[in-house]
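Colleague: Need a 3D model of the sequence below.
(chains A, B and C)
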Amino acid sequence: MASSSVIENIYLLVIVTLISVLQNAFFAQKVEKIGKTHDSHPSAFERVCCANRNCMDAYSTFLAVMWCAGLCLSQAPAAFAGLLYLFVRHTYFVGYMGEGCQSTAGFLFGKRFIGFLFLMCVLGILNHLLAFYLSTDYTDYLETITRAASVLLLIP
Amino acid sequence: MASSSVIENIYLLVIVTLISVLQNAFFAQKVEKIGKTHDSHPSAFERVCCANRNCMDAYSTFLAVMWCAGLCLSQAPAAFAGLLYLFVRHTYFVGYMGEGCQSTAGFLFGKRFIGFLFLMCVLGILNHLLAFYLSTDYTDYLETITRAASVLLLIP
Amino acid sequence: MASSSVIENIYLLVIVTLISVLQNAFFAQKVEKIGKTHDSHPSAFERVCCANRNCMDAYSTFLAVMWCAGLCLSQAPAAFAGLLYLFVRHTYFVGYMGEGCQSTAGFLFGKRFIGFLFLMCVLGILNHLLAFYLSTDYTDYLETITRAASVLLLIP
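Modeller: Presented below is the predicted three-dimensional model:
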C-alpha cells in the first residue's frame, strides 16, 4: 500500500509481528534439531513438541487481539503489551524444555497481556460507539490511560 | 488508529473476534481443568484435547475468511455468519466432549458458514474487478443480497 | 468496506488467502477421508495427520508475514511469493503422505518464501522510517527491486 498514512498507524504492530515470526522460527528450529537426535531422548522431544504446540495454539489468538487493540485504540501500548507477551512466551518455552510435559493448554502464560489487549479492544469499541451515538470523544483520554496502564504491566 | 472511519468499517468484525477469543479461552480452561484431574479419566482428557485441537486448527482459516469477507464486501453479514460459526463451534466442542474421539479434521462443523464467507470474498473481488475494468458498480445490490442470504444461514 | 480504494490495495492478497483456504479444506478432507478408513492403515493416517499439523502450524505465521509485506511495501510481489509458498506447501503435503512421518516442524518447506516476505516487511518499515525522519522516499525503487527479486524466487 503506497499511502504512508496506513503504515504510520501500524508499523509498530508489524515490528512486533516480525519479532514473533522470528521467535516461531526459533521454536521450529529447536523442535527440528531435537527431532533429528530424538532416538536418544524421546522425552526431551515430546517436551519440546508440547511446548511448541502450546505456543502455536495461542499464536492466532494473540495476533488477532494485538491487531484489534492496535487498530481500535492506539498502536503503541498494544505493541508494547505484545512485546511483553513474546518475552513471557520465550521464558515459558525455555522453561518448558527443562521440566516434564504438563499438558497445559498454553493459555497459562501471558494471560495478563492478552487480558490487557482484550480490554483495549473493548474500550476502543465502546469509545467508537459513544462517539457515534452521543458525539462524545474520549480517544485522547483513553490513549493516555492505556499508555500509563501498559507500564503497569511491567510489574511482575 | 485515531481515524474513526477505519473503526466504523471493522468494529463488528472486531466484536466477533473478541467473542471468539473468549471462546478460545473457555476451551483452554476446559482443557486445563480436565488436564489437572486427568489421571482418573485419560480418555476424557484425550477427547477434550482432540476437540480443542480441531477447533484451533480451523481458527486461523476462519479468522482469515471472515476478515476478508468483511473488508471486501460488507461487514454486517460477515460478522453475522462469523457469529453463527462460533455458535456451531461451541455446540461441536460441547458435543465432542461427550462422545469418543473421532479424529475428524475440524472442518466438519460450520462448513456452510465458511463457504458463505468464502463466497462473499469471491463476490467482493469480482465486484471490484468489474468496477475497475468495466466501471459498473453492483456494490449496493451485492450488499442487499448478502444481507438477505445471511438470514438464510439460520435455517438448520 | 464500501471504499474501493482499500480493496484495490489488498485484493491480490485476498485472492492468495482464498486459495490457501481452499488448500486447507483440501488437506482437511484428505485427513477426514483417510481417518474414516483408518483401521486398515494406521500409519497412513498418522502420516497425513502429521503433514496436516505441520502445514497448519506454519499457516498463521505465513498469513501474518504475507499480509504485513503486502501492506508495508507492495502487494503484487507479496502475493506472488505467497502463491509460490502455497505451491511448495502442496508438494510438501503430497510428498509427506508418501514417506514416513519425520516429525519435522513444518518450517522446513518454503523457508525461502517466508524469508523473502520477511525481508519485504523489514524494507517497508525501514523505508517508512527513512521517509518519516529524513524525508527521503525510496518506495518506487523498492517496489521495482522487490518485483524483480520475486521473479528470482522461481529459480529452484
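
Colleague: Please enumerate the helices of chain A.
Modeller: The residue ranges that make up the helices of chain A, judged by DSSP state H, are A:4-36, A:42-72, A:75-98, A:111-133, A:139-152.

Colleague: Deepest-packed of these, please.
Modeller: Relative to the other members of these, helix A:42-72 carries the highest mean neighbour count by mean count of other C-beta atoms under 10 Å in any protein chain shown, namely a mean of 22. Just so you know, the C-beta spots here come from the backbone N, C-alpha and C atoms, and that holds for glycine as well.

Colleague: Give me the angle between that one and helix A:75-98.
Modeller: Following axes from the mean of the first three to the mean of the last three C-alpha atoms, to 10 degrees, one obtains 170 degrees for the angle between helix A:42-72 and helix A:75-98.

Colleague: Check which helices and strands helix A:42-72 sits against.
Modeller: In terms of contacts (3 or more C-beta pairs under 8 Å, 6 or more residues apart in numbering or on different chains; DSSP states H and E), helix A:42-72 is packed against helix A:4-36, helix A:75-98, helix A:111-133, helix B:4-36, helix B:42-72, helix C:42-72.

Colleague: Output the below-cut-off pLDDT ranges for chain A.
Modeller: Residue ranges of chain A with pLDDT under 70: A:1-5, A:38-42, A:98-108, A:156.

Colleague: need the residues of it near chain C, please.
Modeller: Among all residues of chain A, those adjacent to chain C (criterion: C-beta under 8 Å from any C-beta of the partner chain) are A:1-4, A:6-8, A:10-11, A:14-15, A:17-18, A:20-21, A:24-25, A:27-29, A:31-32, A:35, A:38, A:45, A:49, A:52, A:56, A:59-60, A:63.

Colleague: residues touching the residue nearest to A:Leu153 when sequence neighbours are not counted, list them.
Modeller: Leaving out its chain neighbours, the residue that sits closest to A:Leu153 by C-beta to C-beta, 6 or more residues apart in numbering or on different chains is A:Leu84, at 5.7 Å. Contacts here follow C-beta atoms under 8 Å, 6 or more residues apart in numbering or on different chains; on that basis A:Leu84 touches A:Gly110, A:Phe113, A:Leu153, A:Leu154.

Colleague: Filter the residues you listed down to the buried ones.
Modeller: Burial of the contacts of A:Leu84 was assessed by neighbour count (16 or more other C-beta atoms under 10 Å in any protein chain shown); the buried members are A:Gly110, A:Phe113, A:Leu153.

Colleague: correct me, but the first one touches A:His90?
Modeller: No. Proximity of A:Gly110 to A:His90 does not meet the contact threshold set by C-beta atoms under 8 Å, at 10.5 Å.

Colleague: now, which of the contacts of A:Leu84 sits nearest chain B?
Modeller: A:Gly110 (11.8 Å; C-beta to the nearest C-beta).

Colleague: mind saving the C-alpha coords of stretch A:56-69 as CSV?
Modeller: Once non-C-alpha atoms are left out, stretch A:56-69 reads as follows in CSV (Å, rounded to 0.1, in the frame of the first residue of the first chain):
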residue,chain,number,x,y,z
MET,A,56,1.4,-22.1,18.4
ASP,A,57,-2.2,-22.8,19.6
ALA,A,58,-2.3,-19.4,21.3
TYR,A,59,-0.5,-17.6,18.5
SER,A,60,-3.5,-16.9,16.3
THR,A,61,-5.4,-15.6,19.3
PHE,A,62,-2.5,-13.4,20.3
LEU,A,63,-2.1,-11.9,16.8
ALA,A,64,-5.9,-11.2,16.5
VAL,A,65,-6.1,-9.5,19.8
MET,A,66,-3.0,-7.4,19.3
TRP,A,67,-4.0,-6.2,15.9
CYS,A,68,-7.6,-5.4,17.0
ALA,A,69,-6.3,-3.5,20.0
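
Colleague: Please produce TSV containing the helices of chain A, extended by distance to B:Leu119.
Modeller: Supplementary listing: the helices of chain A in TSV, determined by distance: least, C-beta to C-beta, whole Å:
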stretch	distance to B:Leu119
helix A:4-36	28
helix A:42-72	23
helix A:75-98	32
helix A:111-133	27
helix A:139-152	36
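
Colleague: Which among the ones you listed is found nearest to C:Ala149?
Modeller: For C:Ala149, the closest of the helices of chain A is helix A:4-36, at 18.3 Å, according to C-beta to C-beta.

Colleague: Work out the gap between that closest one and the centre of the chain.
Modeller: Between the mean C-alpha point of helix A:4-36 and the mean C-alpha point of its chain there is a distance of 11 Å (C-alpha atoms, centre = their mean, to the nearest Å).

Colleague: Quickly check: that helix near chain B or not.
Modeller: Yes. Judged by C-beta under 8 Å from any C-beta, helix A:4-36 and chain B are in contact via A:Asn9, A:Ile10.

Colleague: Point out the other helices and strands that that helix packs with.
Modeller: The contact analysis (3+ C-beta pairs under 8 Å, 6+ apart) places helix A:4-36 against helix A:42-72, helix A:75-98, helix C:42-72, helix C:111-133.

Colleague: Please name whichever of those helices is nearest to A:Leu129.
Modeller: Using C-beta to C-beta as the measure, helix A:42-72 is the one of these that comes nearest A:Leu129, at 11.2 Å.

Colleague: what angle sits between the closest one and helix A:139-152?
Modeller: Angle between the axes of helix A:42-72 and helix A:139-152 is 160 degrees (criterion: the same axes, to 10 degrees).

Colleague: Now do the end-to-end distance for stretch A:32-52.
Modeller: Length of stretch A:32-52, first residue to last, C-alpha to C-alpha, to the nearest Å: 11 Å.

Colleague: Might you calculate how far it sits from the centre of the chain?
Modeller: Centroid displacement of stretch A:32-52 relative to its chain, using C-alpha atoms, centre = their mean, is 25 Å.

Colleague: what about stretch A:132-143, start to end distance?
Modeller: Its first and final residues considered, stretch A:132-143 spans 18 Å by C-alpha to C-alpha.

Colleague: I would like the residues contacting it, please.
Modeller: A:Leu73, A:Ser74, A:Pro77, A:Leu123, A:Gly124, A:Asn127, A:Leu130, A:Ala131, B:Ala2, B:Ser4, B:Glu8.

Colleague: Swap in 10 Å and give it another go.
Modeller: Around stretch A:132-143, the neighbours that count as contacts under C-beta atoms under 10 Å, 6 or more residues apart in numbering or on different chains are A:72-77, A:120, A:123-124, A:126-128, A:130-131, A:145, B:2, B:4, B:7-8, B:11.
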